[in-house]
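Asks: What shape does this take:
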Amino acid sequence: MPSFKNTASISPGEEVLSKLMERYSSWDRLRGVVAWLLKFKTWFIERYRGGSVNFRPQCCLEKGPVLSVEEVQFAEREVVKHEQRLTFPDVISAMQKISSSKPSRKVTSELKSLKMPAYMRKLHPLLDGILRVGGKLENALITH
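Replies: Numbering: from 1, shown residues only. Okay, here's the model as predicted:
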């Protein structure tokens, strides 16, 4: 019987995503595979709950099964969030302690008191699901 190693920092779902990232060297292929897995996960959960979902595994269109743009973008965000959780766990945990509704100067002063590396504090990080950096763009009239 195979034994499963479960680490405290990575959940089983994240471990699968890490293995997929090792397997696929093409960004487009990785996004597609993750999008299909997330689509199937949604379908499976809804089926288990007794709900109805538009996705049917046997469904084929003329060109085969199709992913929507939103599904591919969602998969992309999930891959980025996963990699950020592995690369910057201390920064993300510190950012989660700070309310996003506070003005940036207060956030910067709070970042100094938290356990966050100085190189990251200088970048004025923002967390809206995905870890982003502010800097001069914080004052620009653009949205991310």
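Asks: is it true that R85 touches S93?
Replies: No. R85 is not in contact with S93 according to C-beta atoms under 8 Å; the separation is 9.6 Å. Where C-beta positions appear, they are placed from N, C-alpha and C, glycine not excepted.
Asks: Show me which of those two is the more surrounded one.
Replies: R85 (17 against 13; other C-beta atoms under 10 Å).
Asks: confidence score at that one?
Replies: Note for R85: predicted pLDDT of 91.
Asks: Quick one: the helices in this structure, in order.
Replies: 12-23, 27-49, 69-87, 89-97, 104-113, 118-121 (DSSP state H).
Asks: can you list the domains in this structure?
Replies: According to automatic domain parsing, the chain comprises the domains 12-87, 89-144.
Asks: Now the weakest link among these, please, by mean pLDDT.
Replies: domain 89-144 (a mean of 71).
Asks: sorry, back to before: and the helices of the chain: which comes nearest I130?
Replies: helix 69-87 (5.7 Å; C-beta to C-beta).
Asks: Specify the angle between the closest one and helix 12-23 in degrees.
Replies: Using axes from the mean of the first three to the mean of the last three C-alpha atoms, to 10 degrees, the inter-axis angle of helix 69-87 relative to helix 12-23 is 100 degrees.
Asks: Against which helices or strands is helix 69-87 packed?
Replies: Counting contacts by 3 or more C-beta pairs under 8 Å, 6 or more residues apart in numbering; DSSP states H and E, helix 69-87 packs against helix 12-23, helix 27-49.
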